[in-house]
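S.K.: got a predicted model here, sequence first, then my questions.
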Amino acid sequence: MTHFDDDDFSASADHSAHGGSGKHHKVDRPRIEAAVREILLAIGEDPDRGGLQDTPKRVAKAYAEVFAGLHQDPATVLSTTFDLDHEELVLVKDIPFYSTCEHHLVPFHGVAHVGYIPSHEGKVTGLSKLARLVDIYARRPQVQERLTTEIVEALVTFLKPRGAIVVVECEHMCMSMRGIRKPGAKTVTSAVRGQLHDPATRAEAMSLILGR
Ligand SMILES: Nc1nc2c(ncn2[C@@H]2O[C@H](COP(=O)(O)OP(=O)(O)OP(=O)(O)O)[C@@H](O)[C@H]2O)c(=O)[nH]1
Ligand SMILES: [Zn+2]
């Protein structure tokens, strides 16, 4: 019998940018375990030696966590809103996160800065929800550009803000530990929407983001 990961994932997960199949599979741990055993054999290891015996199970458990975002719905996170009558920029910066490069399945990690100007009704969400939003999209096979866009689009869709900005700064392990081998190289991506396109507003947001 197929055993699926038993975490409480939403049935209405947003898969629009991930596979596009519309199917809502949860993480299939036995399948990961079998695949990891195959990889160990393929690299010339003995998956039955003491130190590796539990590795397929551990990797499956870790993948269920690392890719949990595939089965989480940003709508549920951003449904917590307050009428605070605040119509100026709200910015949570330096949100640390780990994601997985979809090209090499190794980590990329860094910080995200997430800001928005609430709608005229002053509808704001909880600050932690912005960090939760980052994790939902980071815990998927990703490229940094899409991660950045998906976060800003979720803000636009669910908060209907007057403007939104997302800046992401990352080091990609696929560029550090292998391939070109340039540890420390940082990739910066940004996405802006609405009033944040205005040069003065954008400059204010960027100075807050960069002013460490
Ligand atoms: N744009 C973008 N590229 C990424 C990201 N993560 C990894 N890459 C790049 O994806 C590319 C994949 O290139 P390929 O030539 O198909 O694969 P490769 O032979 O492993 O490439 P090298 O990393 O150059 O050794 C590399 O240039 C990576 O640096 C990302 O988030 N965004
Ligand atoms: Zn990579």
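M.R.: Sure thing, it's come through. Residues are numbered from 1 along each chain as shown. Ligands and ions are numbered 1, 2, ... in the order given.
S.K.: roughly how far apart are the residue nearest the centre of the chain and residue 207?
M.R.: Nearest residue to the geometric centre of the chain (Cα atoms, centre = their mean): residue 138, 1.4 Å. Plainly put, residue 138 is 25 Å away from residue 207 if you go by Cβ to Cβ, to the nearest Å. C-beta coordinates here come from the backbone N, C-alpha and C atoms, glycine included.
S.K.: now do residue 152
M.R.: Residue 152 is 19 Å from residue 207, by Cβ to Cβ.
S.K.: try residue 125
M.R.: 23 Å.
S.K.: the more surrounded of these two?
M.R.: For residue 125 and residue 207, the more surrounded residue by other Cβ atoms under 10 Å is residue 125, and the numbers stand at 22 against 9.
S.K.: ok, that one - contacts?
M.R.: 78, 80, 81, 82, 158, 159 (Cβ atoms under 8 Å, 6 or more residues apart in numbering).
S.K.: what do you get if the cut-off is 7 Å, keeping everything else the same?
M.R.: Neighbouring residues of residue 125 by Cβ atoms under 7 Å, 6 or more residues apart in numbering: 78, 80, 81, 159.
S.K.: tell me, how many residues neighbour the first one?
M.R.: This means residue 78. Residue 78, neighbours per other Cβ under 10 Å, totals 20.
S.K.: what of the third one?
M.R.: For residue 81, the count of nearby residues is 17 (other Cβ under 10 Å).
S.K.: count of neighbours near the closest residue in space to residue 77 that isn't next to it in sequence?
M.R.: Nearest non-adjacent residue to residue 77, counting by Cβ to Cβ, 6 or more residues apart in numbering: residue 132, 4.7 Å away. Residues near residue 132, counting by other Cβ under 10 Å, number 18.
S.K.: please identify which helix or strand holds residue 132.
M.R.: Assessed by DSSP states H and E, residue 132 sits inside helix 127-138.
S.K.: packing partners of that helix?
M.R.: Counting by 3 or more Cβ pairs under 7 Å, 6 or more residues apart in numbering; DSSP states H and E, the packing neighbours recorded for helix 127-138 are helix 74-77, strand 90-101, strand 107-117, helix 144-159.
S.K.: closest one to residue 169 among these?
M.R.: Of all the helices and strands packed on helix 127-138, it is strand 107-117 that lies closest to residue 169, at 4.7 Å by Cβ to Cβ.
S.K.: thank you, goodbye.
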